[in-house]
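*Asks:* Starting from these lines, generate the structure:
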Amino acid sequence: MRHLDTLLNFSTDDVQEIFAIADELKSQSLQGNREPRLAGSVLTMLFEKPSLRTRISFEAAMAHLGGTCIFLSTAEAGLNGRESAVDVARVLGGYSDFVVMRTFEQSLIDQFAQHAGCAVINGLSNDSHPCQALTDFFTMREEFGSLAGRRLTYIGDGNNVAKSLAICAGLLKVPYVVSSPAGYELTPDFLQQLKRIIPDIDITLIEDPHAAVNDADVVYTDVWASMGQESESNARKQIFGPYRVDADLMAAAATGAKFMHCLPAKRGLECTDEVIDGPASIAFQQAENRMHIAKGVLAWLSNVNAK
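*Replies:* Next up is the predicted model:
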């Protein structure tokens with residue numbers, strides 16, 4: 001049984017296969033053809049954190065593929081202490097072909113992957129956001145025609161998005177630069193694990209954001225305070241102020257560089273309206289592609305788990 005629990009368990013071929021399926025399904029959809037590849041399949045979404053893109057992208061993906069969705073909060077599922085996680089996983093797995101989870105702790109997703117008996121997809125955890133990273137590189141590839149020779153710079157907190165981008169960059173041989181304030185970088189433990197799994201990864205940490213975007217084809221940012229970090233918001237505004245992506249920072253990147261953001265955006269904080277609404281922005285192309293990657297992931301998991 002294969003899962004999308006973390007990209008650390010994926011190969012370059014796995015990612016390329018998902019991209020190929022997503023390409024095919026997106027092309028068909030744009031032509032008005034929505035083949036019901038997953039007719040009769042059930043996707044259960046189990047969310048501890050609120051969501052716009054993750055929930056709707058998977059609901060729309062299943063609708064396009066002919067399947068059905070069920071949505072539950074973790075409290076509704078009994079994960080507020082009413083039942084054990086293992087029992088809930090076994091029950092939901094008996095009803096479902098896929099379970100998408102959006103949680104705080106990665107360990108809850110790991111438990112479900114171990115016990116559910118169906119494909120489990122990480123819709124987000126504090127450690128990882130694999131569907132977002134797949135979407136981001138799919139969008140880069142779509143925008144530039146190829147990832148060969150392209151460089152990605154991430155500006156901001158070394159969070160779950162920055163980590164998943166790092167893994168995907170390594171798998172796809174894309175040079176990756178991360179620029180964060182001191183104390184908010186990708187952790188040494190994560191970097192050691194990453195280099196052990198992908199020894200030839202090209203990753204650089206540069207504290208100065210203007211130096212970091214030099215030669216970048218894509219400048220990427222995320223919110224400064226993620227869900228669960230609201231109490232740190234005021235302090236982070238001061239610390240991350242120099243890391244705002246504005247027109248001046250974009251001008252320091254490569255000619256024709258694009259701007260990406262996983263959304264939601266705190267406009268005026270990590271990025272300016274001028275950038276996210278400007279001609280360099282492909283943030284909303286990213287958002288739409290969440291649905292196409294969701295279709296690619298679901299179809300790919302269905303195929304590999306049927307073998």
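*Asks:* surely Ser180 meets Lys163?
*Replies:* No - assessed by Cβ atoms under 8 Å, Ser180 is found out of contact with Lys163, at 11.8 Å. Every C-beta, even on glycine, is put in place using the N, C-alpha and C of the backbone.
*Asks:* intersection of neighbour lists for these two?
*Replies:* Taking Cβ atoms under 8 Å, 6 or more residues apart in numbering as the criterion, Ser180 and Lys163 both touch Leu186.
*Asks:* Which of the two has more residues huddled nearby?
*Replies:* Set Ser180 next to Lys163 and count neighbours by other Cβ atoms under 10 Å: Lys163 wins out with 26 against 23.
*Asks:* per-residue confidence at the more buried one?
*Replies:* In this model, Lys163 is scored at 98, pLDDT.
*Asks:* In three-state terms, label it for me.
*Replies:* Using DSSP: H, G, I helix; E, B strand; the rest coil, the structure places Lys163 in helix.
*Asks:* and if you look at Gln111?
*Replies:* Assignment for Gln111 (three-state DSSP): helix.
*Asks:* so what's the nearest residue to it once chain neighbours are set aside up against?
*Replies:* Spatial nearest neighbour of Gln111, chain neighbours left out: Ala85 (4.9 Å); criterion: Cβ to Cβ, 6 or more residues apart in numbering. Contacts for Ala85 (Cβ under 8 Å, 6+ apart) come out as 79, 108, 111-112.
*Asks:* what's the answer for Thr204, then?
*Replies:* Thr204 neighbours (Cβ under 8 Å, 6+ apart): 175-178.
*Asks:* One more: Gln31?
*Replies:* Here Gln31 is in contact with no residue (Cβ under 8 Å, 6+ apart).
*Asks:* What does it show for phi and psi?
*Replies:* Main-chain dihedrals, Gln31, degrees, to the nearest 10: phi -90, psi 10.
*Asks:* and if you look at Val218?
*Replies:* Main-chain dihedrals, Val218, degrees, to the nearest 10: phi -130, psi 130.
*Asks:* tell me the centre residue of this structure?
*Replies:* Central residue of the chain (Cα atoms, centre = their mean): Gln132, 1.7 Å from the mean position.
*Asks:* can you confirm it is in a helix?
*Replies:* Yes - assessed by three-state DSSP, Gln132 belongs to a helix.
*Asks:* Buried residues of the worst-scoring helix or strand of the chain on mean pLDDT, list them for me.
*Replies:* Sorted by mean pLDDT, DSSP states H and E, the helices and strands of the chain end with helix 233-240, the least confident at a mean of 93. Residues of helix 233-240 classed as buried under the neighbour-count rule (16 or more other Cβ atoms under 10 Å) are 236, 239-240.
*Asks:* Show me the strands in the stretch 1-150 of the chain, by range?
*Replies:* Ranges of strands within the stretch 1-150 of the chain are 42-47, 68-73, 98-102, 119-124, based on DSSP state E, counting those that start in this stretch.
*Asks:* Can you check which of those gets nearest to Glu270?
*Replies:* Glu270 lies closest to strand 119-124 among the strands of the stretch 1-150 of the chain, at 17.9 Å (Cβ to Cβ).
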